[in-house]
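*Asks:* compute the structure for the input listed below.
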Amino acid sequence: MAGLIKREDIDEVRQRTDIKEVVDGYVTLKGAGLGSYKGLCPFHDERSPSFTVRPQVGRYHCFGCGEDGDVISFVQKLDHTSFHEAVEKLAARIGYELRYEDGGTGPSREEVGKRQRLLDAHKIADEFFRAQLLTAGAAEGRKFLQQRGFDRASAEHFGVGYAPQGWDALLKHLRGRGFTDPELKLTGMFSEGNRGIYDRFRGRLIWPIRDIAGDTIGFGARKLYEDDQGPKYLNTPETTLYKKSQVLYGIDLAKRNIAKDRQLVVVEGYTDVMACHLAGITTAVATCGTAFAADHIKIARRLLSDDGTGGEVIFTFDGDAAGQKAALRAFEEDQRFVAQTYVAVEPTGADPCDLRQTRGDAAVRDLISSRRPLFEFAIRATLRKHNLDTVEGRVAALRESAPVVAQIRDAGLRPGYARELAGWLGMPIEDVTRAVAAAAKRAAPAPGAQAPGAPGGGAQGNGAAGRPGGAGYNGAGYNPAQGNGQNVPGVAALPPSGVLPSFHRPDPRDPVASMERQALEVALQEPAMLGGAAWERFATARFATPAYQAIHDAIRATAPGFSGDAVQWVEALRQEVPEPLQPLVSELAVVPLPAHTAEAVQKYCRDILARLFELQITRVKADKLGQLQRLDAAAHPEEFQQLNRELMMLEMERRSLRSDA
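*Replies:* This next block holds a predicted model:
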């Protein structure tokens, strides 16, 4: 059983992982100053790059949309995984074996190695099948694609390949790449007979099935030849990589648009996914030989951020009886969604691939736009079973359809559908409302029972406490749910209500605020500059800008435990500041310093700190000059002389700073 990952291991993974290498897998980065890189933001559409990565501090920040975080949060957001999954993925990437709290366990180094071998075998097989599609022996496969409106570019985009006829083409290829038969048996790509293992897929068109991160974990194969005695579609069997109830074909291509458009379209086959994407419906996915069920819903909810703020799931089904049955099955799972759920049914029974082939891309888009609420579809499908021309038929229809209306989770929608049902039945609204209420009462859970999906149900694991990511285990900072903040480090004198103080964004035109910001950039990015006397001066400095003063307080609280590692330094500061300031800490940590060589960076940092210290001296001098003006020199000659001496020393210190700078 998996437990919570130890905090020190999470810190170690964060520290050891090169964030630039990870981000490079998603974003093209170019140098933007010493130690900084820029690219187009993967979280919003932009024409000029504003997404900045600074490997030295292990963070990214977009100066366009404000998205920020570390390598763990980047993988979470881009791969739509949980915090726990992201840490395990990164740990496997660097070969680090995680330890778990509460006696829990995770994948061992041996298990990670076996999984990687399986992934490598699938990657090589994927490349092999795609190469085979271009050979003379794959003419029938290319003909199949062409007849359905898919050209070579489309096949390449979706990774379509061809498994050659014969018994051991792939087997020989993988053996030649160093894989052993025991390893190959675990992939699901081979069958076993009296003479050993042989290719499972032969003479078929091949679609790679990839997980949400884009790794090939299985294959779907379509029959091409009449003498093939196998099923029309043959998929990889269940393996340690491939669990069909947890896989959605096309999710690797659709995930970003699903998250951006808050829409998920579920179709029935590989060619339907291809047709939808090519027609502009780039949120389409398909199940792999199984119904859309609970595990698929978990994936969908993660992508849609299914939090009650919108989003829609659209199922496309054939208009025949089997399609209607599948739609009603989907209705049974609908209550797990907060997103609105719809059905798009083509009356002629054509699927998206057929529609695109016969009527063009617009017909596919029209099918999706013609969606109807799943509630309405389920109710009408129930009514079609009965003869509504008779009293007996209408009563029977009400008895069967009232529980369907009662199942609607949104209490605000129920009365509306009760009125619709009354109209469809031609019955008084009062009778229908009573029947729905009675059905709801019968279906209500027993006292003390928890409804499926209700808050608090199920174990949450790492990153579930308080807010996404969770406090502590994900490097989160202050959590308002923890109380009034009176004892939270770095959050001083919060209002008793627990409301966090308001930190207005400093005006960039304010020269004092600008200088204070530059000083904090130096402190976060080059903490080694704050050694010895420089630290004493910095620690006693006062910042006029409230947001910057709060970050300065966090630096003073964190510095005693500073180990010299910049990644841990910035992460510790983020944990120390009030939560609204965490993005600002990331921003200060990644903004490129205006210098292009190590020597220039050192000089820039010295100059900025000298300006900060000079400003502090100027403030202290102003205070002492005020004291001097208010002091009666005749009555207090010694105090008068002491103030003059202090002013002289301050002026000498100020001139020394200028000279050094």
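
*Asks:* find the centremost residue of the protein, please.
*Replies:* What sits nearest the mean C-alpha location of the chain, by C-alpha atoms, centre = their mean, is Lys77, with 2.2 Å.

*Asks:* with Ser514 as the reference, measure out to that residue.
*Replies:* Here Lys77 is placed at a distance of 31 Å from Ser514 (C-beta to C-beta, to the nearest Å). Using the backbone N, CA and C atoms, a C-beta is placed for each residue, glycine as well.

*Asks:* how far out from the middle of the chain is stretch 576-583?
*Replies:* Relative to the chain's own centre, stretch 576-583 is displaced by 21 Å; criterion: C-alpha atoms, centre = their mean, to the nearest Å.

*Asks:* in it, what counts as buried?
*Replies:* Residues 576-579, 581-583 are the ones in stretch 576-583 that count as buried (16 or more other C-beta atoms under 10 Å).

*Asks:* what's the answer for stretch 366-381, then?
*Replies:* 367-368, 371, 373-375, 377-381.

*Asks:* related to what we said a few turns ago, was I right to think the residue nearest to the centre of the chain contacts His44?
*Replies:* No - if you go by C-beta atoms under 8 Å, Lys77 and His44 don't touch, sitting 11.9 Å apart.

*Asks:* the buried residues of stretch 366-381 in helices, which ones?
*Replies:* 367-368, 374-375, 377-381 (DSSP state H).

*Asks:* for stretch 607-614, buried residues please.
*Replies:* Across stretch 607-614, burial judged by 16+ other C-beta under 10 Å covers 608-614.

*Asks:* same list (the residues you listed) but as TSV, adding pLDDT and distance to Arg399.
*Replies:* Shown next, in TSV, are those (pLDDT from 0 to 100; distance: C-beta to C-beta, whole Å):
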residue	pLDDT	distance to Arg399
Ile608	82	78
Leu609	80	80
Ala610	78	84
Arg611	79	81
Leu612	80	78
Phe613	76	83
Glu614	75	85
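
*Asks:* and of the residues you listed, the nearest to Lys298?
*Replies:* Distance to Lys298, by C-beta to C-beta, is smallest for Ile608 among these, at 48.5 Å.

*Asks:* for the closest one, give me its contacts.
*Replies:* 515, 518-519, 521-522 (C-beta atoms under 8 Å, 6 or more residues apart in numbering).

*Asks:* related to what we said a few turns ago, where do the contact lists of Lys77 and His44 overlap?
*Replies:* Glu67.

*Asks:* just checking, what packs against the helix or strand that Phe315 is a member of?
*Replies:* Counting by DSSP states H and E, the element that carries Phe315 is strand 312-318. Identification of packing neighbours for strand 312-318 by 3 or more C-beta pairs under 8 Å, 6 or more residues apart in numbering; DSSP states H and E yields strand 263-267, helix 321-334, strand 340-346, helix 361-369.

*Asks:* now the angle from that strand to strand 340-346?
*Replies:* Relative orientation of strand 312-318 versus strand 340-346 (axes from the mean of the first three to the mean of the last three C-alpha atoms, to 10 degrees): 30 degrees.

*Asks:* dump strand 312-318 to PDB, restricted to CA.
*Replies:* Backbone C-alpha positions of strand 312-318 (Å, rounded to 0.1, in the frame of the first residue of the first chain) are rendered in PDB as follows:
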ATOM      1  CA  GLU A 312     -18.600  19.700 -20.300                       C
ATOM      2  CA  VAL A 313     -18.300  16.000 -21.200                       C
ATOM      3  CA  ILE A 314     -19.900  15.000 -24.500                       C
ATOM      4  CA  PHE A 315     -20.500  11.400 -25.400                       C
ATOM      5  CA  THR A 316     -21.000  10.400 -29.000                       C
ATOM      6  CA  PHE A 317     -22.900   7.200 -29.600                       C
ATOM      7  CA  ASP A 318     -24.500   5.500 -32.600                       C
END
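
*Asks:* avg pLDDT for stretch 174-185?
*Replies:* For stretch 174-185, mean pLDDT rounds to 94.

*Asks:* got it, and stretch 643-651?
*Replies:* Rounded mean pLDDT across stretch 643-651 is 73.

*Asks:* centre of the chain versus that stretch, how much separation?
*Replies:* Taking C-alpha atoms, centre = their mean, one finds stretch 643-651 lying 57 Å from the centre of the chain it belongs to.

*Asks:* got it, and stretch 164-171?
*Replies:* That offset, for stretch 164-171, works out to 39 Å (C-alpha atoms, centre = their mean).

*Asks:* report the buried residues of that stretch.
*Replies:* 164-165, 169-171.

*Asks:* burial of the residue lying closest to Ala286 once chain neighbours are set aside, as a residue count?
*Replies:* Leaving aside its sequence neighbours, Ala286 sits nearest to Tyr249 (C-beta to C-beta, 6 or more residues apart in numbering; 4.5 Å). Here the count is done by other C-beta atoms under 10 Å, and Tyr249 has 27 residues near it.

*Asks:* which residues touch Tyr249?
*Replies:* Residues near Tyr249 by C-beta under 8 Å, 6+ apart: 207, 209, 220, 270, 273, 285-288.

*Asks:* got the buried residues of stretch 607-614 as TSV, with secondary structure and distance to Pro352 columns?
*Replies:* Shown next, in TSV, are the buried residues of stretch 607-614 (DSSP: H, G, I helix; E, B strand; the rest coil; distance: C-beta to C-beta, whole Å):
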residue	secondary structure	distance to Pro352
Ile608	helix	59
Leu609	helix	62
Ala610	helix	66
Arg611	helix	63
Leu612	helix	62
Phe613	helix	67
Glu614	helix	68
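
*Asks:* which among those gets closest to Val160?
*Replies:* Ranked by distance to Val160 (C-beta to C-beta), these are led by Ile608 at 56.3 Å.
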